[in-house]
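Q: Just to be clear, the model below is a prediction. Sequence and coordinates:
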Amino acid sequence: MNQERKIRVLVAKPGLDGHDRGAKVVAYGLRDAGFEVVYTGLRQTPEMIVNAAVQEDVDVVGLSILSGAHLSLTQRVIQSLKAKGAGDKMVLVGGIISPADADKLRKMGVAEVFIPGASIKNIADFIRSKLPA
């Protein structure tokens with residue numbers, strides 16, 4: 001990745017969860033931290049999210065899930081990314097997620113799980129530490 005190109009992050013709200021304040025805070029915060037951010041809006045299907053990630057050629061797919069359906073929704077996103085040849089994209093998940101479920105998400109391929117209270121700086125630093133500059 002050349003230095004002129006910003007890291008592209010897609011922030012998405014899969015499922016029927018209608019609460020997007022946290023997702024918007026993260027999206028605006030990452031933009032302010034120098035990332036290029038695409039926000040897909042509320043009530044996206046995993047397939048819509050993956051299509052947007054491929055079309056926008058993002059480096060990171062960030063899922064904000066407060067509905068409790070984080071395991072099934074994330075699994076569908078990861079499977080769909082692989083099916084579209086985009087399984088190399090970093091997947092991050094944020095939401096109210098138990099430590100046991102966070103471990104399950106990491107085992108299915110999620111790079112990291114961020115719970116409420118995670119700072120934008122920590123999220124940005126994590127992304128930069130994992131993606132080549």
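A: Now that the structure is in, tell me what you want to look at.
Q: got the contact list for the residue lying closest to S67 once chain neighbours are set aside?
A: Among residues not flanking S67 along the chain, D17 sits closest, at 3.9 Å (C-beta to C-beta, 6 or more residues apart in numbering). Just so you know, the C-beta spots here come from the backbone N, C-alpha and C atoms, and that holds for glycine as well. For D17, the contacting residues are L42, R43, S64, I65, L66, S67, A69, by C-beta atoms under 8 Å, 6 or more residues apart in numbering.
Q: Kindly recompute the last result at 7 Å.
A: Under the criterion of C-beta atoms under 7 Å, 6 or more residues apart in numbering, the contact partners of D17 comprise I65, L66, S67.
Q: Can you name the residues that contact the first one?
A: Residues in contact with I65 (C-beta under 7 Å, 6+ apart) are P14, G15, D17, L73, V93, G95.
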